[in-house]
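Asks: Let's see this in three dimensions:
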Amino acid sequence: MFNRLIASLIPLFPKKFIWTFSKRYIAGETIEDALRASKKLNEEGMMVTLDVLGEFIKDLEEAERNKNEYLEVIERLTAEGIDGNFSVKPTSFGLLIDEDVCYRHIREIVRKAAGYNNFVRIDMEDSKCVDKEIRLFRRLHGEFPRNVGLVLQAYLRRTLDDLKALTPLHSPETPLNFRLCKGIYVEPARIAYKDHDEINRHFLEDLEYMFSHGFYVGIATHDQFLIDHAYQLIEKYGLKKDEYEFQMLFGVTPERRASILRNGHRMRVYVPFGKDWFGYSTRRLKENPQIASYIIKALFNRK
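Replies: Numbering: from 1, shown residues only. Model (predicted):
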């Protein structure tokens, strides 16, 4: 209750206050901020994924602006020689307004990335978006099989069935590439598992299914239990270092990601940036009120 109360009040505070905790987890407002953070991560031996903030837009003019910003980001990242790819949230391009317009915008982004032999990950949002986003992925995978991937969320009860339904798309010529995460959106129990241990069990079940079918997987977790069990599955299936990667969020558990690198595994860091950092931060609070307790601790421990 305390966390929910704090989470409901924090969005009412000035942006400067919100930035005191957001700046650790967001690279900044501009492309320059994102490129600077990405270069530093590359120097530390990590790959990156760039994400322009701005989900759940209200009109298609915003969708057009977001598309153009991504096209610029692709150009800039390529010109700077940064080892990174891109993540898109379909609601940033009007998924819930006009599904076909959203497809055309994201197709243009994927085509641009493919021209540079790069890659775009379609992010997964809340449950009302899942079917639409899988349809979007199927359409794009048919045209750009090596340049587009999808996020799947282990806490959704449907995820293993979704994996099985997507499996026929996979072949050496049309490989499947997934990012597997736990999931953060607040969903009812009929849609999503709620118990921490149960979510972890299904994460590992989904991960083993992916490994056993030869899919490339971005193992997106900060949970040491899952990391340790992922190591065991990697060994069980004799995977090479270029057949999977670990992924973590910008600013979260840097010591843990460093240990994964020291153990000889590849690491990719998700780098969000953009002018909508305030909306992104307050939405994350609404979706995950437990963050509020960390914010309070951070405020009292500022240097």
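Asks: contacts, neighbours, all on C-alpha from now
Replies: Fine.
Asks: which ones are touching the residue positioned nearest the centre of the chain?
Replies: Nearest to the geometric centre of the chain sits residue 123, at 5.8 Å (Cα atoms, centre = their mean). Contact analysis of residue 123 by Cα atoms under 8 Å, 6 or more residues apart in numbering lists 87, 88, 89, 90, 150, 151.
Asks: Could I get the full set of strands for this structure?
Replies: Taking DSSP state E, the strands of the chain run over residues 47-52, 84-88, 120-122, 148-153, 177-181, 216-220, 244-249, 267-273.
Asks: Between strand 148-153 and the fifth one, find me the angle.
Replies: Relative orientation of strand 177-181 with respect to strand 148-153: 20 degrees, computed using axes from the mean of the first three to the mean of the last three Cα atoms, to 10 degrees.
Asks: and strand 177-181, what does it pack onto?
Replies: strand 148-153, helix 196-212, strand 216-220 (3 or more Cα pairs under 8 Å, 6 or more residues apart in numbering; DSSP states H and E).
Asks: same thing with the longest one?
Replies: In this structure, strand 267-273 packs against helix 31-43, strand 47-52, strand 244-249, helix 254-262, with contacts taken as 3+ Cα pairs under 8 Å, 6+ apart.
Asks: Could you tell me the angle between the direction of it and that of strand 84-88?
Replies: 50 degrees.
Asks: Could you list the paired strands of strand 267-273 along with their orientation?
Replies: Sheet pairing for strand 267-273, assigned by DSSP bridges, gives strand 47-52 (parallel), strand 244-249 (parallel).
Asks: List of residues touching that strand?
Replies: Here strand 267-273 has contacts from 25-31, 33-34, 37-38, 41, 45-53, 245-250, 257, 260-261, using Cα under 8 Å, 6+ apart.
Asks: And the shortest one, by the same measure?
Replies: Strand 120-122 is contacted by residues 85-90, 109-110, 113, 133, 137, 147-151 when judged by Cα under 8 Å, 6+ apart.
Asks: if we can go back for a sec, buried deepest among the helices and strands packed on strand 177-181, which one?
Replies: strand 148-153 (a mean of 25; mean count of other Cα atoms under 10 Å).
Asks: for that one, what is the average pLDDT?
Replies: Mean pLDDT, strand 148-153: 98.
Asks: name the helices or strands packed onto that strand?
Replies: strand 120-122, helix 130-143, strand 177-181.
Asks: Kindly reformat these as JSON lines containing mean pLDDT and mean neighbour count.
Replies: JSON lines is the format used below for the helices and strands packed on strand 148-153 (pLDDT from 0 to 100; neighbours: other Cα atoms under 10 Å):
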{"stretch": "strand 120-122", "mean pLDDT": "98", "mean neighbour count": "24"}
{"stretch": "helix 130-143", "mean pLDDT": "98", "mean neighbour count": "18"}
{"stretch": "strand 177-181", "mean pLDDT": "98", "mean neighbour count": "23"}
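Asks: any idea how far residue 54 is from residue 76?
Replies: Going from residue 54 to residue 76 by Cα to Cα, to the nearest Å gives 19 Å.
Asks: Have a look at the two and say which one is more surrounded.
Replies: residue 54 (23 against 15; other Cα atoms under 10 Å).
Asks: can the helices and strands packed on strand 177-181 go into JSON lines with extra columns for distance to residue 164?
Replies: Listed next are the helices and strands packed on strand 177-181 as JSON lines, based on distance: least, Cα to Cα, whole Å:
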{"stretch": "strand 148-153", "distance to residue 164": "12"}
{"stretch": "helix 196-212", "distance to residue 164": "9"}
{"stretch": "strand 216-220", "distance to residue 164": "15"}
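Asks: so which of these gets nearest residue 58?
Replies: Closest approach to residue 58 among those is made by strand 148-153 (23.5 Å; Cα to Cα).
Asks: now the angle between strand 216-220 and that closest one, please.
Replies: 40 degrees.
Asks: what does strand 148-153 rub up against?
Replies: Residues contacting strand 148-153 (Cα under 8 Å, 6+ apart): 110, 119-124, 134, 137, 140-141, 159, 176-183.
Asks: rewinding a little: CSV for the helices and strands packed on strand 148-153, including distance to residue 99?
Replies: Putting those into CSV (distance: least, Cα to Cα, whole Å) gives the following:
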stretch, distance to residue 99
strand 120-122, 14
helix 130-143, 8
strand 177-181, 22
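Asks: quick one, which of the ones you listed is nearest to residue 98?
Replies: helix 130-143 (10.9 Å).
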